[in-house]
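Participant: Kindly return the folded structure for what I paste below:
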Amino acid sequence: DNTEGSLQAPAQPGLYEVRYILNEGRKTLASAAIEIVEAEASVSAPEQATVGAAFQVSWSNSIHPQDYVTIVPMGAEEGESGAYIRTRDNTEGSLQAPAQPGLYEVRYILNEGRKTLASAAIEIVEAEVTVSAPAQVVTGASFQVSWTNPIHPQDYVTIVPMGTGEGEYGNYTRTRDNTQGSVTAPATPGLYEVRYILNEGGKTLASAEVEVVEAGMELSGPDTVRAGDQFRVAWTGSAPSPRDYVSIAPLGSDDGDYETYVRVRDAQEADLTAPETMGFYQLRYVLDEGRRVLARHDLEVVSATAALDDGGSLSVPETGTPGESIAVTWQAEDNGNDRRIALAQADQADFTWIEMQSASGEELTFTLPDASGTYEFRLLDISERKVLSRAIIQVQ
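Facilitator: Next up, the predicted model:
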């Protein structure tokens, strides 16, 4: 319903007609002559730029917002393009230099017809970059790398196996405007390279050798736990990453399987909850990087009411009534340590109790609590701060 609008002039100068054409029958109802003249445009660029680097270009005026300025090898055919920017309403912008050194042209190209209106010669030269890394790092650990100067903010430093093909990459960090950063070592030991790679073209500018060695981790925990009980696990060695974790999984299951887990963070021990299903399980120290298992410890999950012996044994009834007096017998190697038998709530701390007696003779008498519930008798070695045996009794 309009009476005016805009057209885009052709790329070639000459005499043209603007025509009003009926949609029905494509009949020309009116025309007006127009001359299309050559555009006057110029473009400028530095004489030299570094491979992969961003450099400033400028042009005299924008003919059309969708025109663009690009960089191509010297003598490239008309219409070819490399990295480019749209002119919009600007008269300057930045281009990224190619990854290969040589002679190039910066061209102002009409979006209409891909015609070159102006060009400027530029030489792309090799970059001088170095990268450094430790001679040796631990599997899965984060380590510092440094480089002399970033060519482009999107360049990156990566770690790959020695001899990996050009353009491939592993864990990496972007250079941004920094001269150092951190990279995570692979999960598998071996010889690797840290490489500085141009974002433009994936070209390696510098590399440094690094050996990734096995992390020496040991994992400890109980050999037997009751179903649903909370228990303590500990690990020794320098944890490669705070995001590593200790898991519990069925014995023989895949390394990536788990029932539950806890992150190691900056600790050397943590609590896990045993599965509700009895059977044989395995504690695993797992690298966050690659989900590789570094240490294992087997354990058995037994009934929630089973007695647990670790250097001694207790014999108590399975059930009793509130206030009932019961006999408790015990056995342990006689080494002169301070031994005591304690009655506690099942979830009470190991060395706290409701009632405690010195472990003298072979039989002791305890009076059960008045409140119904689950209780535990414990044979304690006070000298060594150790629980030698546990036995559950249900008061009901």
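
Participant: okay, CA-based contacts and neighbour counts for the rest of this
Facilitator: Noted.

Participant: tell me the SS of the most centrally placed residue in the chain?
Facilitator: Centrality entry for the chain: nearest residue to the mean C-alpha point is E289, 7.3 Å, by C-alpha atoms, centre = their mean. When the structure is reduced to helix, strand and coil (DSSP: H, G, I helix; E, B strand; the rest coil), E289 reads as coil.

Participant: Who's the closest spatial neighbour of it, skipping the chain neighbours?
Facilitator: Closest residue to E289 in three dimensions, ignoring its sequence neighbours and counting by C-alpha to C-alpha, 6 or more residues apart in numbering: G140, at 5.2 Å.

Participant: and the residue nearest to the centre of the chain, what is it in contact with?
Facilitator: G140, T184, A185, P186, A187, D244 (C-alpha atoms under 8 Å, 6 or more residues apart in numbering).

Participant: Only C-alpha atoms, please: export stretch 77-97 in PDB.
Facilitator: Taking only C-alpha atoms (Å, rounded to 0.1, in the frame of the first residue of the first chain), the coordinates of stretch 77-97 have been written out as PDB:
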ATOM      1  CA  GLU A  77      40.200 -14.400  -7.700                       C
ATOM      2  CA  GLU A  78      37.400 -12.000  -7.600                       C
ATOM      3  CA  GLY A  79      34.700 -13.000  -5.100                       C
ATOM      4  CA  GLU A  80      36.900 -15.000  -2.800                       C
ATOM      5  CA  SER A  81      36.900 -14.200   0.800                       C
ATOM      6  CA  GLY A  82      38.600 -15.100   4.100                       C
ATOM      7  CA  ALA A  83      38.100 -13.700   7.500                       C
ATOM      8  CA  TYR A  84      35.800 -10.700   7.100                       C
ATOM      9  CA  ILE A  85      33.700  -8.000   8.800                       C
ATOM     10  CA  ARG A  86      30.500  -6.300   7.600                       C
ATOM     11  CA  THR A  87      30.900  -2.600   7.100                       C
ATOM     12  CA  ARG A  88      27.500  -1.600   8.600                       C
ATOM     13  CA  ASP A  89      27.600   2.100   9.200                       C
ATOM     14  CA  ASN A  90      31.200   2.000  10.300                       C
ATOM     15  CA  THR A  91      34.500   3.200   8.700                       C
ATOM     16  CA  GLU A  92      36.800   0.900  10.600                       C
ATOM     17  CA  GLY A  93      37.000  -2.500  12.300                       C
ATOM     18  CA  SER A  94      39.300  -5.400  13.000                       C
ATOM     19  CA  LEU A  95      40.200  -8.500  11.000                       C
ATOM     20  CA  GLN A  96      42.000 -11.700  12.100                       C
ATOM     21  CA  ALA A  97      45.200 -12.600  10.200                       C
END
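
Participant: when you give positions from now on, start the count at 42
Facilitator: Sounds good: first residue 42 from here, last item stretch 118-138.

Participant: Flag every buried residue along it.
Facilitator: Of the residues in stretch 118-138, those scored as buried under the neighbour-count criterion (16 or more other C-alpha atoms under 10 Å) are S122, Y125, I126, R127, T128, E133, G134, S135, L136, Q137, A138.

Participant: Which single one of those is nearest to E359?
Facilitator: Q137 (79.0 Å; C-alpha to C-alpha).

Participant: partner residues bridging that closest one?
Facilitator: A95 (DSSP bridges).

Participant: any chance you could map the strands in the stretch 142-291 of the chain?
Facilitator: With DSSP state E, counting those that start in this stretch as the definition, the stretch 142-291 of the chain shows strands at residue ranges 143-150, 157-166, 172-173, 177-179, 183-188, 197-202, 213-215, 221-225, 231-238, 245-254, 259-261, 265-267, 271-277, 286-291.

Participant: Adding mean pLDDT and mean neighbour count as columns, could you present those strands in TSV?
Facilitator: TSV is the format used below for the strands of the stretch 142-291 of the chain (pLDDT from 0 to 100; neighbours: other C-alpha atoms under 10 Å):
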stretch	mean pLDDT	mean neighbour count
strand 143-150	98	23
strand 157-166	97	19
strand 172-173	98	20
strand 177-179	96	20
strand 183-188	98	18
strand 197-202	98	23
strand 213-215	98	20
strand 221-225	97	20
strand 231-238	98	22
strand 245-254	97	20
strand 259-261	96	17
strand 265-267	94	21
strand 271-277	95	15
strand 286-291	98	22
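
Participant: Let me know which of those is the nearest to L313.
Facilitator: Within the strands of the stretch 142-291 of the chain, the stretch nearest L313 is strand 271-277; the backing value is 5.6 Å (C-alpha to C-alpha).

Participant: Strand partners (parallel or antiparallel) of the closest one?
Facilitator: According to DSSP bridges, strand 271-277 has the following sheet partners: strand 259-261 (antiparallel), strand 310-314 (antiparallel).

Participant: Between those, which one is closest to Q389.
Facilitator: Comparing the strands paired with strand 271-277 against Q389 with C-alpha to C-alpha, the closest turns out to be strand 310-314 (15.3 Å).

Participant: next one: the closest one to chain centre, how far?
Facilitator: Relative to its parent chain, strand 310-314 has a centroid offset of 24 Å by C-alpha atoms, centre = their mean, to the nearest Å.

Participant: Spit out the contact partners of E58.
Facilitator: E58 sits next to S72, A73, A74, I75 when contact means C-alpha under 8 Å, 6+ apart.

Participant: R431: which of those is nearest?
Facilitator: I75 (102.6 Å).

Participant: Now do the contacts for that closest one.
Facilitator: Going by C-alpha under 8 Å, 6+ apart, I75 touches L56, Y57, E58, V59.

Participant: roughly how far apart are it and D312?
Facilitator: Distance, I75 to D312, using C-alpha to C-alpha, to the nearest Å: 85 Å.

Participant: again, but for L246
Facilitator: When distance is defined by C-alpha to C-alpha, L246 is 47 Å away from D312.

Participant: now do H338
Facilitator: Note on H338: its distance to D312, by C-alpha to C-alpha, is 15 Å.
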